[in-house]
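>>> Based on what follows, work out the 3D shape:
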Amino acid sequence: MEDKTENIIEKILLEKKEIIDKTIEKYFPRKFSRKDLEFMCGSNILNIEASNEAIAKPMWELLDRGGKRWRPVLFLLIIEALGKDPEKFVDFCIIPEIIHNGTLIVDDVEDDSELRRGKPTIHKIFGEDIAINVGNAMYFLPLIIFIKKKNEIEKDRLIKAYETYIEEMIKLSFGQGNDIVWHRGIIKDEKIREEEYLQMCAYKTGTLARMSAKLAAILAEASDEIIEKIGRFAESIGIAFQIQDDILDVTAPESIGKTFGNDIKEGKRTLMVIYTLQKANEKDKKRLIEILNKHTDDIEERKEAIEILKKYNSIEYAKNVARKIVEDSWKEIEKIIPDNPAKEKLRLFAEYLIERNR
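Purely as a prediction, here's the structure:
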């Protein structure tokens, strides 16, 4: 990736982050008031202190650690590329971001991860019970935005937006479910095909990018065809983002705030693993599976597994798959989005996410 592209996109991410974070705090303050709880829950009796300890405090513990906020930025770029004013719809851009952070909290409990964004995971700080509850709450809290803004959206668009939200949340659970079953070794490795892995990524990681893009297109009053094609483009970015995340885990884990070879410890069947198992000799295949199934804390064993991946050029293979997925989906939407500065930013944005090194 050229430095120029990186500079342009990182500048956009930085510029948008402040407004995105202010919008999150507008709807989900760091400390809930009686009025906040009455609006969200319909009760003026609910204990404020308990609500802050259970929801606001752990939620903001993670949100304050940053993150790229790329899903809200994707939303705003699509709105702009479709000829609408992004400022008018900025409140909606935070919907996938809140959900995403909720999935991180729950995912860390499921994997018993130690670090998230360079600090102890939420369940290590607050306990598993609070972490699971706040993570699940963050799947639904963004619906408050629809409720607050319902009089500003045409009824048919509002219904379509709700339907999109529900459809994508269902897919999210199936994608995560597939990933869990695979890394627990419940299904034999030879039964996991590359296309199934990519579909899992489309649901686990691509779904929130697709939700972001489709909500933007719906609110921009785009046609059904454009909504679907933009959704597929965003999904491809999500898949490529996941693949790149997997690559960084075994090449530069410190850049994403994780422990070294965390995916190896979790036994994750990444695209690199699936490809290696297809190409490896019996000895290497057996050893790689053995290490993955051990969920090892041994750094040397993790390094050994990574060396097996490198031996069969799986990292470069995964990079090429990610690039091709995004390039192919871009060709579809390039024809339907009018030429404008936001369209070019979208293209650079996709390139940045799959070539990033952190």
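>>> Could you pull out the strands in the stretch 101-250 of the chain for me?
Assigned by DSSP state E, counting those that start in this stretch, the stretch 101-250 of the chain shows strands spanning 115-116, 119-120.
>>> Pick the most deeply packed of these.
Of all these, strand 115-116 has the most neighbours on average by mean count of other Cβ atoms under 10 Å, namely a mean of 20. (Each C-beta comes from the backbone N, C-alpha and C, glycine too.)
>>> quick one: secondary structure of Ala56?
Recorded secondary structure, Ala56: helix (DSSP: H, G, I helix; E, B strand; the rest coil).
>>> how deep is it tucked in, by neighbour count?
Ala56: 18 surrounding residues under other Cβ atoms under 10 Å.
>>> okay, it: pLDDT?
At Ala56, the model reports a pLDDT of 98.
>>> Also Gly261?
Note for Gly261: predicted pLDDT of 86.
>>> next one: the host helix or strand of Ala350 to chain centre, how far?
Here Ala350 sits within helix 341-355, counting by DSSP states H and E. Chain-centre distance of helix 341-355: 17 Å, with Cα atoms, centre = their mean, to the nearest Å.
>>> Buried ones in stretch 35-50, by neighbour count?
Residues 36-37, 40 are the ones in stretch 35-50 that count as buried (16 or more other Cβ atoms under 10 Å).
>>> Please name the nearest non-neighbouring residue to the spatially most central residue of the chain.
The residue lying closest to the centre of the chain (Cα atoms, centre = their mean) is Thr205, at 4.6 Å. In space, and not counting its chain neighbours, Thr205 is closest to Gln242: 3.9 Å by Cβ to Cβ, 6 or more residues apart in numbering.
>>> What score does the one you found have for pLDDT?
91.
>>> With the one 10 residues further on instead?
Looking at Ala252, its pLDDT stands at 77.
>>> swap in Ser255?
Looking at Ser255, its pLDDT stands at 53.
>>> Worst mean pLDDT among the strands of the stretch 101-250 of the chain?
Ranked by mean pLDDT, those bottom out at strand 115-116, which scores a mean of 91.
>>> elements contacting the lowest-mean-pLDDT helix or strand in the chain?
None of the helices or strands of the chain scores lower by mean pLDDT, DSSP states H and E than helix 341-355, at a mean of 87. When contacts are defined as 3 or more Cβ pairs under 8 Å, 6 or more residues apart in numbering; DSSP states H and E, helix 341-355 packs onto helix 3-27, helix 70-81, helix 224-251, helix 314-334.
>>> Turn those helices into JSON lines, columns for mean neighbour count and distance to Lys283.
Output for the helices and strands packed on helix 341-355, formatted as JSON lines (neighbours: other Cβ atoms under 10 Å; distance: least, Cβ to Cβ, whole Å):
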{"stretch": "helix 3-27", "mean neighbour count": "15", "distance to Lys283": "41"}
{"stretch": "helix 70-81", "mean neighbour count": "26", "distance to Lys283": "41"}
{"stretch": "helix 224-251", "mean neighbour count": "22", "distance to Lys283": "20"}
{"stretch": "helix 314-334", "mean neighbour count": "18", "distance to Lys283": "16"}
